[in-house]
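Undergrad: Starting from these lines, generate the structure:
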Amino acid sequence: MSPANVETDTAADATDIMADMADSVADTSDVVAALEAASHDKSLRADTRKLLAEAHAALRASSADAETAQLRYHALFDAVPDPVSILSEEGIVLDLNKAGMSAYRRRRDEIVGKPIEVLNPDLPKNHMKPVWDTLNRGETYVIEVTNMRADGTRFPVEVHSAMFQHNGRPCVVAVARDLSGRHEAELRYRELMEVIDKGIVVQDVEGRLTYCNAAALRMFGVSEGGNLNRDLRASRYLIVDEHGHALPQEEWPAMRALRTGKTVESTVLGWYDPINLHLTWLSVTSVPQFSPGSDHPQQVLSLFSDVTELKRDSALFDRAQALAHIGGWEWELGRDHVYLTDEALRILGQAQPPQTMDDMFACLREPDRKRLQQALERISSVSGGTFDLELQGIRADGHSFWVRAIGESEAGDSASTSITGTLQDITRRKHDEETLRVQARSDPLTGLMNRDAILGELHERLEDPTQSQLAVLYIDLDRFKVVNDVLGHGAGDELLTAAAKRISFAVGSEGLIARFGGDEFLVVCSTGDDPARPEHVADRILDAFGDSFRFDKEEFSITASIGIARAPEHGDKPQALIQNADAAMYDSKRRIRNGWQAFTPELAQSQQDRLRVETHLRKAADNGEFHLVYQPQVDLRHGRIVSCEALIRWQNHQLGEMRPDHFISHAENTGDIVRIGSWVLREACRQVAEWRDAGFGIVRVAVNVSYRQFLGEDLAETVRSVLSEFHLPGAALELEFTERVLIKDAPDTLKTFADLRSLGVILTIDDFGEGYSALNYLRRLPIHGLKLSQLFVEGVPENNSDVAVCEAVAGIARSLKLSLVAEGVESEAQRQFLLRLGVPIGQGFLFAPGLPPDEFARRLGGSIASGSSELIHV
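TA: Residues are numbered from 1 along each chain as shown. Purely as a prediction, here's the structure:
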């Protein structure tokens, strides 16, 4: 049969079906009319007419229902928004709704009765077979095709077909969904996926790649057109988490999303390509996708963002935070959740990271917890409020830490939802400040409080009525300078350290202790609860110095002199108390040493006298108040004058005549001794020149030289200048030094002695035996002689100890071939003892006291006249 015949037959069938439907309606109307007429026929029996009337009513009702159903069918049919067509088994269009006529832009009669190809000319032959195969299995047939409008334009549709029976014949109802909008959306979506800067990858349930956009290809360094599953195979890359730990494949975000059916958001992964030695950091979000009606994902879509630079910046920021010891924090008020950066966590050093603000408070010490809490409460209700606090806390390991905490609430919101800020580790700075504070208040040698610290403490206590009853103990080490000079500063420092420990042990917790300067210490103790405490503490300190000190192989005894002053009796200001305690200490040292002395009004007067002496002494040389007397040095055997010693005297218009022992120590303390000593040297040489010019010849004059003069000026040059000024030979001058110079075996010391000796000046050690007699140094210095101290001469010949010392000194002088002069010869018995000892020269009241120049000249003249003078010949 030809195709034309098939189409003709199919059209005829469609016509027959429509005719049947029309005939059916017409027949029903005729029957209803016939029944109505018969029910009124009087020729029929009444019961028959009744039955006919009931049949008429039933048929009419049924007909009305059918008509209503027909109308309902057409109403629903035309109400469907998508094109709906009724097809015969062979594919002839039996009916079409209004949406179909609008979509295809055709009238109903141009489609109904025509084969479906009029709407889709591209359908293949036997296109109805797969449709009926599917429908006969009880399933819905779905297909995407392209339909054609009356003007020839095409549009995509998705057709859903189902089967139903009509008059016992199977028919197809087909619903066509216009896909033009969806296709346009899909096209725009695909275009967007290709131009977006985020990588997009789609994988099936087996993890195989089904799609990869251009951005993803660029991120992974894969060329377009390549084999995705080969080029992006898992074995090619090493995947690591954000901490650099290798991540197994089952933990990749896409695999987790497929396994759990849940979205895995913003996971940072590192993709290391060992071939190209390149590491890329990506933020990955994987979204599972389900097919309709399925509870298992059919694929997973993953979005990638390249965060390599951000990761690098973050790493640099973390590094910068670590280097600067600054961490960040944020507090979400609503959830009471605290977020801390890694550096902030390191600074706090807690076993468990703080999660809430109460956890943060627990890190801090009181009262800093309260300070932070108050600051947070203040700014949490203030727009843009800030705080800046320095807080102390304690770490899990028990160590303290200090942080500078800065916080700021969100601006523009009166009820801020979060507060952010920084934590800066300032522990080292605080430790350094504390170290500096301690150092500023501590003596670096002994570790005790220093001068400034004890003055501050004393001031605070005197200002506080509850602590103002106190005492100050002023402690000075006896003979410390001798030990320091003889054994050196190293030994002196060790002695001070040991003395500080002994004082600390003796005082215990009963007072504050400070090194006030040099070898002087200060103790401040309370007297309010125990008035006798100062004396008890002083006794314990003296007892602590009972044992000798040792340095290397040397052993020596050091004692202490202590002065005590009380507040408020002896002063209510720090300086007054210390000054009075100092005066008491000097009185103790002057009288007994190794003891203590409480301050008294008499000592106050003595202190004032000393201050007055020092004040006048400073002006004495300028005012011409000094003069010299000359004590003859004589031949002990014959009584002839051989030389003299110049002795200074001070005549002050207010103080009167002052002996050297009354003012020389003051001059030593104030430093005025250098200027005074220079005046004595010049005046003595001037007097010798005057005697020479008067015809007495040159009388050798002995001048005492202070240790300070020796260190403070070019002594040899000063002597050379004075000798030259008065045209005197060096032998006309004898310089007497104390034993203190013996310990300075330094190049400068030796050079000064050598220069003086080269001038012909006689060099003598005065009061030999009183101080620390360093015999080793005595042997090495270029001196001429020794002077035997009056301290030992006054006890001979009765005192055996003094006799032994004198014999020892005489033996030393003979052994070293040094001259020897005895001082303080006051009796004939002493002169005879010294002669037997072999001491040739002496001076003292037995012969004459210090004489004014004229009186000395008169005696010298008489000695020359009698032939009993042996002066220097030059």
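
Undergrad: Residue 342 versus residue 336, what's the distance?
TA: Residue 336 sits at a distance of 22 Å from residue 342 (criterion: CB to CB, to the nearest Å). Where you see a C-beta, it was placed from the backbone N, CA and C, and this is true even at glycine.

Undergrad: One more: residue 662?
TA: Distance, residue 662 to residue 342, by CB to CB: 77 Å.

Undergrad: quick one: stretch 346-363 to chain centroid distance?
TA: Centre-to-centre, stretch 346-363 and its host chain are 19 Å apart (CA atoms, centre = their mean, to the nearest Å).

Undergrad: Next up, identify which helix or strand residue 162 is on.
TA: Per DSSP states H and E: residue 162 is located in strand 154-166.

Undergrad: which ones are touching residue 257?
TA: Residue 257 makes contact with 263, 264, 286, 287, 288, 297, 300, 302 under the criterion CB atoms under 8 Å, 6 or more residues apart in numbering.

Undergrad: I'd like those as JSON lines, with pLDDT, distance to residue 232 and secondary structure appended.
TA: Formatted as JSON lines, the contacts of residue 257 follow (pLDDT from 0 to 100; distance: CB to CB, whole Å; DSSP: H, G, I helix; E, B strand; the rest coil):
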{"residue": "263", "pLDDT": "90", "distance to residue 232": "22", "secondary structure": "coil"}
{"residue": "264", "pLDDT": "91", "distance to residue 232": "19", "secondary structure": "strand"}
{"residue": "286", "pLDDT": "92", "distance to residue 232": "15", "secondary structure": "strand"}
{"residue": "287", "pLDDT": "91", "distance to residue 232": "19", "secondary structure": "strand"}
{"residue": "288", "pLDDT": "90", "distance to residue 232": "20", "secondary structure": "strand"}
{"residue": "297", "pLDDT": "89", "distance to residue 232": "20", "secondary structure": "strand"}
{"residue": "300", "pLDDT": "91", "distance to residue 232": "14", "secondary structure": "strand"}
{"residue": "302", "pLDDT": "90", "distance to residue 232": "12", "secondary structure": "strand"}
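
Undergrad: can you pick the most crowded of the residues you listed?
TA: When neighbours are counted by other CB atoms under 10 Å, residue 300 leads the contacts of residue 257 with 25 neighbours.

Undergrad: quick one, what contacts it?
TA: Contacts of residue 300 by CB under 8 Å, 6+ apart are 202, 203, 254, 257, 258, 286, 287, 288, 289.

Undergrad: who does it bridge with?
TA: Under DSSP bridges, the beta-bridge partners of residue 300 are residue 203, residue 288.

Undergrad: In the stretch 151-300 of the chain, what residue spans correspond to strands?
TA: Secondary structure of the stretch 151-300 of the chain (DSSP state E, counting those that start in this stretch): strands at 154-166, 169-178, 199-204, 209-212, 238-241, 264-273, 278-290, 297-306.

Undergrad: Distance to residue 784 for these - can I get that in a markdown table?
TA: Formatted as a markdown table, the strands of the stretch 151-300 of the chain follow (distance: least, CB to CB, whole Å):
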| stretch | distance to residue 784 |
| --- | --- |
| strand 154-166 | 134 |
| strand 169-178 | 136 |
| strand 199-204 | 105 |
| strand 209-212 | 110 |
| strand 238-241 | 92 |
| strand 264-273 | 92 |
| strand 278-290 | 91 |
| strand 297-306 | 97 |
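
Undergrad: Might one say that residue 474 is in contact with residue 578?
TA: Yes - with contacts counted by CB atoms under 8 Å, residue 474 reaches residue 578, the gap being 6.7 Å.

Undergrad: So those two - more neighbours on which side?
TA: residue 474 (28 against 22).

Undergrad: Need the three-state assignment for the more buried one.
TA: Under DSSP: H, G, I helix; E, B strand; the rest coil, residue 474 falls in the strand class.

Undergrad: Let me see the contact set for it.
TA: For residue 474, the contact set (CB under 8 Å, 6+ apart) comprises 516, 520, 522, 562, 563, 564, 565, 578, 581, 582, 584, 585.

Undergrad: Name the nearest residue to it, sequence neighbours excluded.
TA: Counting by CB to CB, 6 or more residues apart in numbering, residue 581 is the residue found nearest to residue 474 once chain neighbours are left out, at 3.7 Å.

Undergrad: Please apply the same query to residue 528.
TA: residue 469 is the one closest to residue 528 (CB to CB, 6+ apart), at 4.0 Å.

Undergrad: next one: phi and psi at the one you found?
TA: phi -80, psi 110 (degrees, to the nearest 10).

Undergrad: wouldn't it be in contact with residue 534 here?
TA: No - with contact defined as CB under 8 Å, residue 469 does not reach residue 534; the gap is 11.1 Å.

Undergrad: Next, show the common contact partners of these two.
TA: Residues within reach of residue 469 and of residue 534 at once, by CB under 8 Å, 6+ apart, are residue 527.

Undergrad: ok, the two, which is more surrounded?
TA: Using other CB under 10 Å as the criterion, residue 469 and residue 534 rank with residue 534 on top: 27 against 17.

Undergrad: Thought residue 401 was touching residue 349, still the case?
TA: Yes - assessed by CB under 8 Å, residue 349 is found in contact with residue 401 at 6.6 Å.

Undergrad: what touches both of these two?
TA: Residues touching both residue 349 and residue 401 (CB under 8 Å, 6+ apart): residue 395.

Undergrad: Same drill for those two, tell me which one is more crowded.
TA: Legend: neighbour count by other CB under 10 Å for residue 349 and residue 401, higher for residue 401 (20 against 16).

Undergrad: Which elements pack onto the one helix or strand the more buried one maps to?
TA: With secondary structure defined by DSSP H and E, residue 401 is part of strand 400-409. Strand 400-409 makes packing contacts with helix 342-348, helix 368-380, strand 386-394, strand 418-425, helix 427-441 when contacts are defined by 3 or more CB pairs under 8 Å, 6 or more residues apart in numbering; DSSP states H and E.

Undergrad: let's see it at 10 Å
TA: If contacts are counted by 3 or more CB pairs under 10 Å, 6 or more residues apart in numbering; DSSP states H and E, strand 400-409 sits against strand 326-332, helix 342-348, helix 368-380, strand 386-394, strand 418-425, helix 427-441.

Undergrad: Show me what it pairs with in its sheet, parallel or antiparallel.
TA: With DSSP bridges as the test, strand 400-409 pairs up with strand 386-394 (antiparallel), strand 418-425 (antiparallel).

Undergrad: if you compare those, which one is most tucked away?
TA: Mean neighbours per residue, mean count of other CB atoms under 10 Å, is largest over these for strand 418-425, with a mean of 21.
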